[in-house]
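[1] Any chance you can model this:
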Amino acid sequence: MTLLARLFEPLKIGSMTLKNRIVMTPLTTLYDFEGGPRYNEFFAERARGGAAMITINLQALYPGRTGKSGWVPDESVWEKGHITINHDLYIPRLQSFTRAVHDAGARACVQLSVYGNWARGGYGAPAEEYSPSGVRLSGEAYRPDLESLSFIKGGRVLAVEEIRMIEEQVAEAAARAVNAGFDAVQLQALGGNLLSRFLSPLTNRRDDEYGGSLENRARIVTETLRAIRRRVGDDFPLLCRINGDDLMPGGMGVSDYGQLAPLLEDAGVDALDLMPGWYETRRPVNQMCVPRGAFVYAAEGVKQAARVPVSANIRITDPLLAEQILQEGKADWIAVCSALIADPEWPRKAQEGRLEDIRLCTACCGCWSDLAGHRRPIACSVNARAGMEHEYVLRPAGKARTIWVVGGGPAGMEAARVASARGHRVTLFERRDRVGGQLIFADLPPHKGEWQHFIRYLQTQILKNGVLLKLNTKVTADGIVAGRPDDVILATGARPLVPDIPGIEGPHVCSCVDVLSGKKEVGPCVAIIGGGCIGSETAEFLHARGKQVNIIEMLPRVAADVDFWNRWVLLDRLDAAGIRIITGAQARKITADGIHIVRDGSEEFVQCDSVIYSVGARPYHPLLEELAGRFERVHCIGDCREPQRVRQAVAAGFQIGLAV
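    Numbering: from 1, shown residues only. So this is what the prediction gives:
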């Protein structure tokens, strides 16, 4: 189709020609610590989905006796099944990876990662933390949860002799990449990792040949690139990944990277891959509050100074936006990651013109929180198969059954989608006039609009699969017994918990759902009891409508249930909005003009016109009890089983759709 003609043109990087301009960027998954087929199959699925090249991220330096890495939850798992590229013993596993990607129709590229931990004494020696100048950033200018990011350290200052040892070890890793069957190598010099800390005047305070001018600060990068080029030959594709904009006060900006580009090209680089932002930046980068295509300016700026192809990256989830960027000449190719986690067939569906079938990434950052916050293998909120491709195989049902799904939230719709895709006859009942469940309200607060695209995707898929959708329909136990379906899947959701507080029944008191749904209007001054995710986002919602908002939270901190990668961003917004936050406080009584609370043993009064409660939810499943003893094949999933997040609801829907 001509609609996306530029996106699906071939791209030449050095001597290599890619079939289109969609490249999967490096991604730490932690699947490689488990052994087995999970790692290879995850990336092969994205190759089968149409990406032109798959890039993986591997540690190039000696990890040390403990295998120390900031991403790893437990150092003892390092030898269990980890795959990296700092020793020849990993070459057979890497060869199995490149074969899997090639067999699936894509090129394979390895990013040679250079973190700050390194075993100077060689493979198996103790590891130390190293840096250009021993600088560790802290303060209000940087993200407030830096202490929890264990992979960011100052470290001992590298000697010149050690710098040259590192350069050679990275070049050795590049030679292994050739032997392992990779089609290209990429040097990592971004994000606040070791090489980018040399590039930035913020962290490089050296006064030798590796500090001072940009040419000197870039010396470790250019020397490493030249060392790689000597090992892999003149024709082997060589890329370099840089920020394009550090998004750091005192760091490098677009013009600086424009000056860096010719230095990297002279050192042998065939393409530049951009990913703006250091780990420490306080500016949101991946989160849902960041507009799509927000950092294309970095690609455009660097491209003006570069002779080699330049990528655009981050929050490019829509193929139409990707095409527009390429058509306008702002970049030469599109680096995609989270969009391919959410839908590995994103490229193929786009090329076939099936844009409505693409399951767009919502930028919920659950995958980031898995990795950096919880040190666990990544999963996806909207794609239950992500990382489970080897187990979750969508096979036709042996016998078509009649399935009734009660409840049109994410769990119910996903169950209907999967069951119908397998050939079952599915009817979905929803008591409202539209599907979406709690997601209808979840996308109403500021910066949450991406959820509506997921609702639209699920509705499109169930209708395409032939699901009979019955809106404005209340299902009864008698109706189920009379209808005689083979299976009933209950996905009736949850209801807000009503706290036991005197005055809670007052006419000026309601739940967050009442407010977000428009069922209740509130006065000019509001107090929200409960400062979790929903309470905090409702506070933003009301502030945007000109309300004065107070949050009363019993715990020592608000938004305690918000994912790691989103919490600090939400707190910054609440602070900027001037929303009053009262923690460690318990609501004792609600009156017509406010709330009496107790904090630190003292009573206080919070004056307000309206009171909103957000203290959790309880499962809502009246049909479960009514069907007991009358109907056997009943499955209860999603919030009506246990109130959880979208990810768990979608996973539950997928699993039951696969099982029935």
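
[2] what sits against residue 329?
    By Cβ atoms under 8 Å, 6 or more residues apart in numbering, the contact set of residue 329 is residue 303. (Each C-beta comes from the backbone N, C-alpha and C, glycine too.)

[3] in the top helix by length along the chain, what's buried?
    What stands out as the longest helix in the chain, according to DSSP state H, is helix 160-179. Going by neighbour count (16 or more other Cβ atoms under 10 Å), the buried part of helix 160-179 is 163, 165-167, 169-178.

[4] Dump these to CSV, plus pLDDT and distance to residue 564.
    Formatted as CSV, the buried residues of helix 160-179 follow (pLDDT from 0 to 100; distance: Cβ to Cβ, whole Å):
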residue, pLDDT, distance to residue 564
163, 97, 33
165, 96, 35
166, 96, 31
167, 97, 34
169, 96, 32
170, 97, 30
171, 98, 35
172, 97, 35
173, 97, 30
174, 98, 33
175, 98, 37
176, 97, 33
177, 98, 32
178, 98, 37
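
[5] State the number of residues packed around the residue nearest to residue 499 when sequence neighbours are not counted.
    Leaving out its chain neighbours, the residue that sits closest to residue 499 by Cβ to Cβ, 6 or more residues apart in numbering is residue 615, at 4.9 Å. With neighbours defined by other Cβ atoms under 10 Å, the count for residue 615 comes to 20.

[6] Going forward, the N-terminal residue is numbered 41.
    In the new count, where the first residue is 41, that last one comes out as residue 655.

[7] which residues touch residue 655?
    Residues near residue 655 by Cβ under 8 Å, 6+ apart: 536-537, 539, 569-570.

[8] Next, it: secondary structure please.
    Residue 655 falls in the coil class when you classify it by DSSP: H, G, I helix; E, B strand; the rest coil.

[9] how's this structure carved up into domains?
    51-414, 442-536+659-699, 549-655 (automatic domain parsing).

[10] so which of those gets nearest residue 433?
    domain 442-536+659-699 (8.4 Å; Cβ to Cβ).

[11] for residue 85, what are its contacts?
    Taking Cβ under 8 Å, 6+ apart as the test, what residue 85 contacts is 144, 384, 425, 429.

[12] go on, residue 278?
    Residue 278 makes contact with 54, 224-227, 265, 268-269, 272, 308-310, according to Cβ under 8 Å, 6+ apart.

[13] Inside helices: which ones of those?
    Secondary structure from DSSP H places 265, 268-269, 272 of these in helices.

[14] now the nearest residue to residue 242 once chain neighbours are set aside: how far from residue 103?
    Excluding the flanking residues, the one nearest residue 242 by Cβ to Cβ, 6+ apart is residue 290, at 4.5 Å. As judged by Cβ to Cβ, to the nearest Å, residue 290 and residue 103 stand 31 Å apart.

[15] Which of those two has more residues huddled nearby?
    More crowded of residue 290 and residue 103, by other Cβ under 10 Å: residue 103, with 25 against 11.

[16] before we move on, the earlier item: what about the contacts of residue 278, which one has the most neighbours?
    The most crowded member of these is residue 226, carrying 31 neighbours; neighbours defined as other Cβ under 10 Å.

[17] For the buried residues of helix 200-219, could you give me TSV that also reports distance to residue 371?
    Listed next are the buried residues of helix 200-219 as TSV, based on distance: Cβ to Cβ, whole Å:
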residue	distance to residue 371
203	32
205	36
206	31
207	29
209	32
210	27
211	29
212	32
213	28
214	25
215	30
216	30
217	25
218	28
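
[18] Can you select the buried ones among the contacts of residue 655 for me in PyMOL?
    Filtering the contacts of residue 655 down to the buried ones (16+ other Cβ under 10 Å) takes a single PyMOL command:
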select buried, resi 536+539+569+570
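
[19] taking the contacts of residue 655 one by one, which sit in strands?
    536, 569 (DSSP state E).

[20] between the domains of the chain, which gets nearest to residue 435?
    Nearest to residue 435, of those and by Cβ to Cβ, is domain 442-536+659-699 at 6.9 Å.

[21] partners of residue 636 in the sheet?
    On the basis of DSSP bridges, residue 636 is bridged to residue 629, residue 645.

[22] how about the domains of the chain in TSV, adding distance to residue 435?
    Shown next, in TSV, are those (distance: least, Cβ to Cβ, whole Å):
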stretch	distance to residue 435
domain 51-414	16
domain 442-536+659-699	7
domain 549-655	33
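
[23] Among these, which one carries the weakest average confidence?
    Comparing mean pLDDT across the domains of the chain, the lowest value falls on domain 51-414: a mean of 92.

[24] Now do the end-to-end distance for that domain.
    This stretch, domain 51-414, spans 38 Å end to end (Cα to Cα, to the nearest Å).

[25] Tell me the gap between it and the middle of its chain.
    16 Å (Cα atoms, centre = their mean, to the nearest Å).

[26] and of the buried residues of helix 200-219, the nearest to residue 673?
    The closest of these, once distances to residue 673 are taken by Cβ to Cβ, is residue 217, at 52.5 Å.

[27] Provide a list of residues in contact with the closest one.
    If you count contacts by Cβ under 8 Å, 6+ apart, residue 217 has them with 125, 134, 150, 152, 225, 272.

[28] hang on, the earlier thing: among the contacts of residue 85, which two are most distant?
    Using Cβ to Cβ, the two most remote members of the contacts of residue 85 are 144 and 425, lying 15.4 Å apart.
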